[in-house]
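Participant: Build the 3D model from these lines:
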Amino acid sequence: MSNATQSDFSRITVEVRPPVARITLNHPPLNVIDVKMMDELRAVLEQIEARSELAAIVFAGSERAFSSGVEIAEHTAEKIRDTLAAFHSVIRSVVASRKLTIASVRRHCLGGGAEIALVCDVAYASPDSVWGFPEIKLACYPPVASVALSAIVGQKLAAEMVLTGRTLTGTEALAAGLVNGVAEDPETLVQECIQRVSQLSPAALAVAKKAFYAWDAIHFDKGLAKAEQIYFDELMKTADAHEGIAAFMQRRRPNWTGK
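Facilitator: Residues are numbered from 1 along each chain as shown. I've put the predicted structure just below:
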């Protein structure tokens, strides 16, 4: 992967200007995350990790949205196992990255998109951004948020967001500790952060990050594996989970049976 703009992808754009690599989700209009985007994200993250001169990765979306989440069509019974495996591979790559990961969020930041931002080290947002995990409205749940959100915003607010679908504005997300800063143009905060990082040793940053997350990493790995197991072995055996996805695809109200 060379410097400047990388154009070998169809769902993302990549710009590399040491010490920073910038990944922009580019699947208009709302940057829905499909398996193609997951594959591209995983590939570029692997390339970035191999470059010792890079100290930070910025994840961003278009002005209209960071991401509205994982493609709903990928949640059907015959696809969900492969979809979650692919998406959680991306999440694990972000979590395991030795680089400082920064989310730059405008507008919609929902579901899987919010989970990517959630596991970044630092997040900046516009005040009109909307953060949430609407999966429960489809009789599903967000495995990554189920495992990681409580540690950031506290158990009560995390439960409200995961179990009721409550959303937060960027300003509310700041108050909750979900984002580090809010600005009309979050890129101003991103650049301030990059300026600080550019003065640091990438090698020291990588080791410090490993030590910083040493305790959390143990619990995250085990928790996500358990959340995946429950999703496959219990949730996907309910009639309501299949009904929720079908209703969304058919643009109708779901008919819950509680089974």
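
Participant: quick one, strands of this structure?
Facilitator: Assignment of strands within the chain using DSSP state E yields the ranges 4-6, 12-17, 20-25, 56-60, 65-67, 100-105, 108-110, 122-125, 130-132, 168-169, 181-182.

Participant: Between those, which has the poorest mean confidence score?
Facilitator: Least confidently modelled of the strands of the chain is strand 4-6, at a mean of 55 by mean pLDDT.

Participant: State the pLDDT value of the residue nearest to Tyr141 when sequence neighbours are not counted.
Facilitator: Spatial nearest neighbour of Tyr141, excluding adjacent residues (CB to CB, 6 or more residues apart in numbering): Glu135 at 5.3 Å. Just so you know, the C-beta spots here come from the backbone N, C-alpha and C atoms, and that holds for glycine as well. Reading off the confidence values, Glu135 has pLDDT 97.

Participant: Quick check: which ranges of this protein have low pLDDT?
Facilitator: Confidence mapping of the chain against pLDDT under 70 gives the ranges 1-7.

Participant: most residues in a single helix of it, which one?
Facilitator: Using DSSP state H to define each element, the chain has its longest helix at helix 214-233.

Participant: Please point out which parts of that helix sit buried.
Facilitator: By neighbour count, with 16 or more other CB atoms under 10 Å as the criterion, the buried positions of helix 214-233 are Phe220, Gly223, Leu224, Ala227, Glu228, Tyr231.

Participant: Stretch 163-180 now?
Facilitator: Within stretch 163-180, the residues that qualify as buried are Arg166, Thr167, Leu168, Thr169, Gly170, Glu172, Ala173, Leu174, Ala176, Leu178, Val179, Asn180, counting by 16+ other CB under 10 Å.
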